[in-house]
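Visitor: Whatever this is, show me its structure:
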Amino acid sequence: MGEARSKAVRIASSHLITSCATAAAIILFVALGSQVLPTAFAGVPVEADDRTLTVAFLLNIAIILFGWRRSKDLKDALEAYDKAERLAERNANTDPSTGLANRRELMRALGQALESKSSGALLLVDLDHFKRVNDLHGHLAGDMLLKQVADALVEHAPQGSCCARIGGDEFAVLLEGASTKEVEAFAQTILSKLSKPVEIGNVQAFISASIGLANVRRLQKEEDVLRESDFALYAAKRTGRNCFAWFDPELEREMTDRVQLEEDIRRGVENGEFIPFFQPLIDLASRELVGFEALARWRSPTRGFLEAESFIEAAEKTGLIGPLTISVVEQALKEAKAWPSHLKLAINVSPVQFRDPQLAQHIMKLVTEAGFPPNRLEVEITEASLLEDREQVLATIGSLKNVGISISLDDFGTGYASLSQVNSLPIDRIKIDRSFISTIVKSEQTAAIVNTITNLGHTLNVPITAEGIESEQVRNELGKYGCAEGQGWLFGRPLSADTVRTFLEMKQRDGSASQTPSPTSADGDAGARPRIRRSW
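Guide: Below you'll find the predicted structure:
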């Protein structure tokens, strides 16, 4: 752009010089013509001096013609450069796909509004499920949809508003001078418009939008307003999408905390701060220990000792759940290899991990490297996993079962699995969620649900495990339904690897099968000596 402008300046200078030279030639033409033309018209013989004047006169005409032509060419070139410069400036501030302003132009308009101390609001509009449109109908359909959204924003925005596309499927609208009521009315109009089916060629696309709103206030910077509207957009998405939300300072604090949590998780994975704790699995009929479920725990140098509920969701959203799980499972397998051969190890796999087509290979590699017998490993999947690519989920499960690894359907009854799905899945065990077990003795409805699940397991010849057993009364009640295994605080809370190792050594030494370790705190202390319960 700077080089083009410099060239334009040179052309303008040449045009000016040429114009001046042409003007001078015209003046000279007039002066010479006043001397040469009367003599020529009078038929007077031309003297030598007159011949010189005549030649000069003719040359002057040639110079005028050349100067005029050159001046015209320079003028045309200058206009072309000016037009190109205006086009380049427009392209630099316009989104080519939609014709709206781009992020650069939005920030300019926002800065101008702040300088003029104008009130109003900035809206960020993010399309929900836009990727699905691209996947189902192609990118051309996606571009057509973006153009229709852009047209809707321009159609319904007040005159003079800056409508911009600032990302893939993210738009912004700057409403200067608008009141809170007017802003919310506009937001609701856009939500209603986008919630209706959109015609794209011969197909219909179904989308919705989430909108974040932030007031434009004096003494702000452009980046601050944009950041606040982004926080509000996050709140709208978290609320359930297809809605709008205003910026709240609490949102910023929450987001800052979340970003810090994600950074700490990433650092924790790299530093090996995530470790397995083990919760006993008990045969409810014989009351003997049959294995342990490995649960991820975080020993953070800054946050302390944390259970999975504090970090799993953030790890899933940042894509760190894969390396985190691999690290914990690797440690658990190495620890479990030294256990008595009749004890199994159960591990959890997040639904997000099923997006990785190499998941089965990763698990089998860990099993092989640890030298752990595959038939002693049980992989627990949740019903939410079935919402991922079903064919890929089935392929992963099939690969694991082919090497002898068992599959357990965890948290059954709280998700999306239907009876037909359960019947078609090659699972080896069903685990009833703790939310049903904890209220089984208090609610007839819950008891009926548990009874239905256990009957389903018996029909499919699939054993049932009950989670969250915390009292003898609950255990006795489960005995009526034929649950095979159980786990919960009645049998022991999650234990550190050192505690489990010490307990198994003591058990092997004493030859007792009716004792279980109990940590001094909810999740134990790796360095603490276990207390012994008398019976399961």
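
Visitor: element containing the residue nearest the centre of the chain?
Guide: In the chain, the residue lying closest to the centroid (C-alpha atoms, centre = their mean) is Lys317, at 7.3 Å. Per DSSP states H and E, Lys317 falls inside helix 312-318.

Visitor: okay, and the helix or strand of the protein with the least pLDDT?
Guide: In the chain, the helix or strand scored least confidently by mean pLDDT, DSSP states H and E is strand 531-533, which has a mean of 44.

Visitor: any low-confidence regions in the stretch 401-536 of the chain?
Guide: Low-confidence segments of the stretch 401-536 of the chain, defined by pLDDT under 70: 413-423, 511-536.

Visitor: in it, which spans are strands?
Guide: 406-412, 429-432, 464-466, 485-486, 516-518, 531-533 (DSSP state E, counting those that start in this stretch).

Visitor: Kindly state which of the ones you listed is positioned closest to Thr454.
Guide: Across the strands of the stretch 401-536 of the chain, Thr454 has its closest neighbour in strand 464-466 (5.2 Å, C-beta to C-beta). The C-beta positions use only the backbone N, C-alpha and C, and glycine is treated the same way.

Visitor: Tell me which strands the closest one pairs with, and in which orientation.
Guide: Strand 464-466 has its sheet partners listed here by DSSP bridges as strand 429-432 (parallel), strand 485-486 (parallel).

Visitor: Please convert those to a markdown table, extending it with mean neighbour count.
Guide: Putting these into a markdown table (neighbours: other C-beta atoms under 10 Å) gives the following:
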| stretch | mean neighbour count |
| --- | --- |
| strand 429-432 | 25 |
| strand 485-486 | 24 |
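
Visitor: Redo the ones you listed as JSON lines? Include distance to His137.
Guide: Below are the strands paired with strand 464-466 laid out as JSON lines (distance: least, C-beta to C-beta, whole Å):
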{"stretch": "strand 429-432", "distance to His137": "38"}
{"stretch": "strand 485-486", "distance to His137": "48"}
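
Visitor: closest to Ile363 out of those strands?
Guide: strand 429-432 (17.0 Å).

Visitor: Name the residues that touch that closest one?
Guide: 378, 380, 406-413, 422, 450, 453-454, 456-457, 462-467, 483-484 (C-beta atoms under 8 Å, 6 or more residues apart in numbering).

Visitor: can you check stretch 372-386 too?
Guide: So stretch 372-386 is contacted by 291, 293, 333, 336-337, 341, 343-349, 351, 354, 363-364, 367, 393, 397, 400, 403-412, 414-417, 421, 425, 428-429, 431 (C-beta under 8 Å, 6+ apart).

Visitor: From the contact counts, what lies against the helix or strand where Glu330 lies?
Guide: Assigned by DSSP H and E, Glu330 belongs to helix 321-336. In terms of contacts (3 or more C-beta pairs under 8 Å, 6 or more residues apart in numbering; DSSP states H and E), helix 321-336 is packed against helix 249-271, strand 274-283, strand 289-300, helix 312-318, strand 344-348, helix 359-370, helix 497-510.

Visitor: got the angle between the longest one and strand 274-283?
Guide: On the basis of axes from the mean of the first three to the mean of the last three C-alpha atoms, to 10 degrees, helix 249-271 is oriented at 90 degrees to strand 274-283.

Visitor: list the contacts for Gly201?
Guide: Gly201 neighbours (C-beta under 8 Å, 6+ apart): 141, 144.
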